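K.L.:
Provide a 3D model corresponding to the input given below.
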Amino acid sequence: MVRHIVMWKLRDKADARLLKERLEALNGRIPGLLRLEAGIDFLASEQSADLVLVADLESREALDAYQRHPEHQAVVPLVRDATVSRTVVDYET
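P.N.:
Predicted coordinates for the structure are as follows:
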């Protein structure tokens with residue numbers, strides 16, 4: 001299994017709820033995606049990201065397929081336009 005974690009700093013923190021909804025709507029729509037959860041930071045420290053995504057996928061191949069999938073690609077511009085910075089980590093569990 002692969003865990004895919006992405007953290008974003010947003011231009012406007014008010015966008016976090018919409019992004020969370022759009023990202024979590026990918027659940028059940030992409031083969032190989034076992035679970036996807038998005039969370040909104042409540043601490044708002046200087047080091048905090050505003051939004052995090054944690055996704056579990058069947059394999060590295062499933063991660064590649066997820067990233068190319070049209071449902072995921074449809075959300076990418078929305079997230080990209082709202083983002084100041086992005087950090088990613090992918091690892092096998």
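K.L.:
can you name the residues in contact with stretch 56-64?
P.N.:
1-4, 31-36, 66, 90, 92-93 (C-beta atoms under 8 Å, 6 or more residues apart in numbering). Placement of C-beta: from N, CA and C, glycine included.
K.L.:
can you rerun that using 7 Å?
P.N.:
For stretch 56-64, the surrounding residues in contact (C-beta atoms under 7 Å, 6 or more residues apart in numbering) are 1-4, 32-35, 66, 90.
K.L.:
quick one: end-to-end length of it, please.
P.N.:
This stretch, stretch 56-64, spans 13 Å end to end (C-alpha to C-alpha, to the nearest Å).
K.L.:
show me which residues of it are buried.
P.N.:
Buried residues in stretch 56-64, counted by 16 or more other C-beta atoms under 10 Å: 56-57, 62-63.
K.L.:
which ones among those map onto strands?
P.N.:
In strands, defined here by DSSP state E, the members of the buried residues of stretch 56-64 are 56-57.
K.L.:
follow-up on the earlier one: go through the contacts of stretch 56-64 and name the one nearest Val84.
P.N.:
His4 (20.5 Å; C-beta to C-beta).
K.L.:
burial count for that closest one?
P.N.:
Applying other C-beta atoms under 10 Å, we find 19 residues neighbouring His4.
K.L.:
after the helix or strand encompassing it, which helix or strand is next? Please name it.
P.N.:
For His4, the element it lies in under DSSP states H and E is strand 2-10. Next helix or strand after strand 2-10 toward the C-terminus (DSSP H and E): helix 16-24.
K.L.:
touching that next one from outside, list them.
P.N.:
10, 36-38, 40, 50-51, 53, 75, 78-79, 82.
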